[in-house]
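generate a structure from the sequence data that follows.
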Amino acid sequence: MRNVLIFAAAGELATGVALLIAPSIVGQLLLGQNLIGVAVPIARVTGIALVALSIACWPGPPMVGMLTYSAGVTLCLSYTGYTAGVTGVLLWPAVGLHGLLTAVLILAFARGA
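Numbers count the residues shown, from 1 in each chain. Okay, here's the model as predicted:
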C-alpha cells in the first residue's frame, strides 16, 4: 500500500509542478482550453495545493505539506497582487492569514510538534 501512495504522490507532484510552471499548457492538455486571466493564478494555487498534498502523503511529517501549501499560497497571492494588479477584497487578508499560519507552522515544526 505504501508504494501505491508514493506513486500517487509522485503523480500529483508532477501535475502540481506543471501547473506552477505552465498552467496554460496544462489547461490545454487537460481541458482543451488555454487558461487566461484570473484562471492562471487559480491554477497556480491549485498547483501549490497538489505539491503540498504530495509532500503530506510522502513518508515523513505531514506538517511539512501544510507548511509548503501555506508558504506557497502566501508567495503566489502576494506576487499576483503586486504584479498583476488583481485584488479582490479578500486578497490581502488571505495573504496575511497564510503568512501568519506559515509563521506558526514554522515555529511548531522547529519545536518538533
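
mind listing what the residue lying closest to Trp92 once chain neighbours are set aside touches?
Nearest residue to Trp92 in three dimensions, chain neighbours excluded: Gly81, at 6.8 Å (Cβ to Cβ, 6 or more residues apart in numbering). For glycine as for every other residue, the C-beta is placed from the backbone atoms N, C-alpha and C. If a contact means Cβ atoms under 8 Å, 6 or more residues apart in numbering, then Gly81 has Thr87, Leu91, Trp92, Val95 as its contacts.

could you list the buried residues of the helix or strand where Thr80 lies?
Here Thr80, judged by DSSP states H and E, is contained in helix 63-83. Residues of helix 63-83 classed as buried by neighbour count (16 or more other Cβ atoms under 10 Å): 65-74, 76-78, 80-81.

next, the angle helix 63-83 makes with whichever helix or strand comes after that helix.
Sequence-wise, the next helix or strand downstream of helix 63-83 (DSSP H and E) is helix 91-110. Put simply, helix 91-110 runs at 150 degrees to helix 63-83, going by axes from the mean of the first three to the mean of the last three Cα atoms, to 10 degrees.

and helix 91-110, what does it pack against?
helix 63-83 (3 or more Cβ pairs under 8 Å, 6 or more residues apart in numbering; DSSP states H and E).

which residue lies nearest the spatial centre of the protein?
For the chain, the residue nearest the mean C-alpha position is Ile48 (1.5 Å; Cα atoms, centre = their mean).

which residues are in contact with that residue?
The neighbourhood of Ile48, defined by Cβ under 8 Å, 6+ apart, consists of Gly16, Leu20, Thr68, Tyr69, Gly72, Val73, Cys76.

next, count neighbours for the first one.
Residues near Gly16, counting by other Cβ atoms under 10 Å, number 23.

please state the offset of whatever helix or strand it lives in from the chain centre?
According to DSSP H and E, Gly16 maps onto helix 2-21. Distance of helix 2-21 from the chain centroid (Cα atoms, centre = their mean, to the nearest Å) equals 13 Å.

ok, residues contacting that helix?
25-26, 43-44, 46-55, 57-59.

filter these to the buried ones?
Neighbour-count burial (16+ other Cβ under 10 Å) applied to the contacts of helix 2-21 gives 26, 43-44, 46-55, 57-58.
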